[in-house]
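1. build me a model from this:
(one chain, ligands or ions: 1)
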Amino acid sequence: MDELRDAAQATEAHIAVHWKEEEYYWPPAKFIAQANAGDPGILERFSEKHFPECFKEYADLLTWDTYWHTTLDTSNPPFWKWFVGGTLNASYNCVDRHLARNRNKAAFIWVPEPEDESTAVITYQELFARVNEFAALLRDFCKVKAGDRVTFHLPMVPDLPVAMLACARLGVIHSEVFGGFSGFACGDRIVDSGSHILVTMDAYYRNGDLLDHKVKADQAVEYAREHGVTVDKVLVWRRLPGKYSSPTPMVEGRDFFVDDLLKDYRGARVEPTSMPAEAPLFLMYTSGTTAKPKGCQHSTGGYLAYVAGTSKYYQDIHPEDTYWCFADIGWITGHSYIVYGPLALGATSVIYEGVPTYPDPGRSWRIAERLGVNIFHTAPTTIRMLRKAGPDEPKKYNYHFKHMTTVGEPIEPEVWRWYYDVVGKGEAVIVDTWWQTENGGFLGSSLPALQAMKPGSCGPGVLGVYPVILDEEGNEIPAGSGKAGNICIRNPWPGIFQTIWGRPERFVETYYAKYCTNTESKDWQDWPYFAGDGATHAADGYFRILGRVDDVINVAGHRLGTKELESAALTVDEVAESAAVPVVDELRGRTVEMYVALKPGRDSSAETEAKVSYAIETIIGKIARPKNVWIVPDMPKTRSGKIMRRVIASISNFTDVGDVATLANPEIVESIRRKVQAEKVARGDLPKALSAQELEEIQRFGRVE
Ligand code: WTA
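-> Next comes the predicted model:
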């Protein structure tokens, strides 16, 4: 452990990070004139002296069945309770209450990937009908009731928000698994959540191909069965009306076409169940430092209030806007900022099925032009892809954004400027929103009309959120010191998840144990939330996020745990040990490289490398496919036997491996380095100059064990 600690201290919080400070950009006057948060008084209203009561302003965006009596209950830290005593229904808030005035307004505009298939407009009235009918089906055919869990494995189709809102209507907890994840990953989440119903789709379009998706349902159900959970019913939506597009057979008595079943529920209406503010609304699984994904449990009242408030002030959504968040609903961004936030405000939210550059790099801009999108929201990976594929494409299309968001990864200032100048045509304000699956909504961002933009920095804490940077000992690193440390949030906020599903100890351990000095304290001030990201705090109060400080690799905005990747590699019979490390990538931010050591007597061959890749792809999903698999004679290890991921990460990235003299097997480092780097150079994968930020991450990697 000592070696680890020394290595960490040499590379982490104690090193001053020298950034080039970027210049400010001010929001356009036209934007300021119409902004929802245009009055600087809002900053005062949400200042710490008004905490937690300031969040009444967010709660009052919702319709409550019973109004709450206590804003924040801190009697059982860190299990905070927001808006206690209140009851409400999320589906009512996102659908029913908009009918009186906006029955005929588009709630969703769905754009299928094939360009010759027409766009579908789903009005609030139509959404109301579909949500009710599906809720009736869930209640009467599947026999689910409030508090039960239902797992979805759905792609980017409107049936996904319909299913979410139908569950919400019944008080049933939904758990959507990203469509790109494998059947096994889905099965694992079914088991963890104890779901007996799986909602899926036969197929969906991706990059021009109609992919078989139903096959994953069979794998998921089988995996769940082997692990003690029986899925009673699999509900299958059909991507093409009336036509089954999967070669995988339907299982008699278990699998049902949703369109067939819905015939029995035409016109059905289901009274929204009034739920306590604290009732869980959904689970969203994410990676952490162990091989088991964590089911982040989000509340109904606090979560919905928080996403409504941040959608209003940070996304600046007005009733007449056309808002397009280009994220997957299978991730938290899609839950909060495609579905719940925009719909709570009665907005029009665009859902696009496919990839941004299909069939050509102009596609996204054609969608924006055609639909009159004026708020655009996406991740740096997509921005980098669009820039590479068609740097001049946006100019060819007549669309005008007033507002753009970036989320999910640090954005390089140079990429930020392309987004601003070319995509935004210099007319749009940008918010760089930093947050996590666990958080429900934004934590760090500039307030678009009131605070300047600074490329590469997310901004200060958002309204009512007070971040701080702490060193390893818990001392505050002052703003402007230029030192990196761990970004924490000093206070609870309404969107914070309630717990890790079924694992309250892990919740406390992962997010609060590090900096809580008095576990008996009932005062929220004693419970800083540890986000797991490194950051710096500039003199102007802006935070710059450096990336994870735990063993999580952010690949194209997707969080992948090293332990999950490594366990998948270990399913290959030949493999004795494995280690996953991040490699800086021009387009995807990071990619994964795997190092594996084989059992004695096994031959290293291209075939074994392929098996490791295949295992990862089938167990986790295609997004996790490693860039390279390196078979090595042994892993660099500490004397206590821990694999030094930091050292192999440095090898893969051609950076300095640092002092390895204290390792148990220092000689191995040089032999791995020679082999791997020679091979990379031979493949044309040449060393890149890393930014200070990237260097920090690589040299810090694997610090938390
Ligand atoms: C990273 C996505 C820099 C960060 C909403 C965080 C960011 C992880 C930003 C959470 C940003 C997210 N700038 N880094 N604006 N936003 N991250 O759970 O490392 O998929 O901890 O939530 O993404 O990823 P998650």
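
2. now for the closest residue to the ligand within the stretch 351-500 of the chain, how many residues are close by?
-> Using C-beta to the nearest ligand atom, the closest approach of the stretch 351-500 of the chain to the ligand is made by T437 at 3.4 Å. C-betas here are computed from N, CA, C, even on glycine. The number of residues packed around T437, counting by other C-beta atoms under 10 Å, is 21.

3. and if you look at the one 4 residues further on?
-> Each residue near G441 was counted by other C-beta under 10 Å, and the total is 29.

4. could I get the contacting residues of it?
-> Contacts for G441 (C-beta atoms under 8 Å, 6 or more residues apart in numbering) come out as Y303, Y306, V307, G309, T310, S336, Y337, G341, W435, G495.

5. near the ligand, from those residues?
-> Among the contacts of G441, the residues that sit close to the ligand (C-beta under 6 Å from any ligand atom) are W435.

6. which of the contacts of G441 sit farthest apart?
-> G309 and W435 (13.5 Å; C-beta to C-beta).

7. in terms of neighbours, single out the busier of the two.
-> Neighbour count, other C-beta under 10 Å: between G309 and W435, G309 has more, with 30 against 23.

8. quick revisit: over to the residue of the stretch 351-500 of the chain closest to the ligand: give its phi and psi.
-> phi -50, psi -40 (degrees, to the nearest 10).

9. okay, the contacts of G441 in a markdown table with secondary structure and pLDDT next?
-> Output for the contacts of G441, formatted as a markdown table (DSSP: H, G, I helix; E, B strand; the rest coil; pLDDT from 0 to 100):
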| residue | secondary structure | pLDDT |
| --- | --- | --- |
| Y303 | helix | 99 |
| Y306 | helix | 99 |
| V307 | helix | 98 |
| G309 | helix | 98 |
| T310 | helix | 98 |
| S336 | helix | 98 |
| Y337 | helix | 98 |
| G341 | helix | 98 |
| W435 | coil | 98 |
| G495 | coil | 98 |
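
10. any idea which of the contacts of G441 is the one closest to the ligand?
-> W435 (4.9 Å).

11. for the closest one, give me its contacts.
-> So W435 contacts V407, G441, F442, L443, G444 (C-beta under 8 Å, 6+ apart).

12. how about the fourth one: what's its closest non-neighbour residue?
-> Okay, so that is L443. W435 (4.5 Å; C-beta to C-beta, 6 or more residues apart in numbering).

13. quick one: the one you found from G408, how far?
-> From W435 over to G408 the distance is 9 Å, taken as C-beta to C-beta, to the nearest Å.

14. before we move on, what about K599?
-> Counting by C-beta to C-beta, the gap from K599 to G408 is 38 Å.

15. again with K105
-> Counting by C-beta to C-beta, the gap from K105 to G408 is 29 Å.

16. these two: which is more packed in?
-> Taking neighbours as other C-beta under 10 Å, K105 and G408 compare with G408 leading, 25 against 17.

17. quick one: that one and P380 touch, right?
-> Yes: using C-beta atoms under 8 Å, G408 is in contact with P380, at 6.9 Å.

18. so for the residue of the stretch 351-500 of the chain closest to the ligand, what's the pLDDT?
-> Predicted confidence (pLDDT) for T437: 98.

19. kindly report the same for the one 5 residues further on.
-> Per-residue confidence (pLDDT) for F442: 98.

20. repeat for D551
-> pLDDT at D551 comes out at 84.

21. same question, D2
-> So D2 comes in at 39 (pLDDT).

22. for the residue of the stretch 151-300 of the chain found nearest the ligand, what are its contacts?
-> Nearest residue of the stretch 151-300 of the chain to the ligand (C-beta to the nearest ligand atom) works out as T286 at 5.1 Å. By C-beta under 8 Å, 6+ apart, T286 lies in contact with P293, K294, C296, I332, Q436, T437, E438, R559.

23. let me see the ranges of the helices in the stretch 301-450 of the chain.
-> Counting by DSSP state H, counting those that start in this stretch, one finds helices in the stretch 301-450 of the chain at the ranges 301-313, 332-334, 341-344, 363-371, 380-389, 413-418.

24. other SSEs contacting the third one?
-> Contact analysis of helix 341-344 by 3 or more C-beta pairs under 8 Å, 6 or more residues apart in numbering; DSSP states H and E lists helix 90-94, helix 301-313, strand 348-352 as its packing neighbours.

25. likewise for the fourth one?
-> Using 3+ C-beta pairs under 8 Å, 6+ apart as the contact criterion, the neighbours of helix 363-371 among helices and strands are strand 106-111, strand 322-325, strand 348-352.

26. to the ligand, which of those strands lies closest?
-> Here strand 322-325 is closest among those (C-beta to the nearest ligand atom), at 11.5 Å.

27. adjacent strands (with direction) for that closest one?
-> Strand 322-325 has the following sheet partners, assigned by DSSP bridges: strand 348-352 (parallel), strand 375-378 (parallel).

28. thinking again about what came up before, now the contacts of W435 in a markdown table, with distance to P666?
-> Output for the contacts of W435, formatted as a markdown table (distance: C-beta to C-beta, whole Å):
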| residue | distance to P666 |
| --- | --- |
| V407 | 41 |
| G441 | 47 |
| F442 | 45 |
| L443 | 41 |
| G444 | 40 |
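
29. give me the subset of the residues you listed touching the ligand.
-> Okay, of the contacts of W435 touching the ligand (C-beta under 6 Å from any ligand atom), that's V407.

30. from the contacts of W435, which single one is nearest T510?
-> L443 (16.5 Å).

31. how about the residue nearest to D212 when sequence neighbours are not counted, secondary structure?
-> Distances taken as C-beta to C-beta, 6+ apart put S246 closest to D212, at 4.8 Å, once the chain neighbours are dropped. Here S246 is recorded as coil under DSSP: H, G, I helix; E, B strand; the rest coil.
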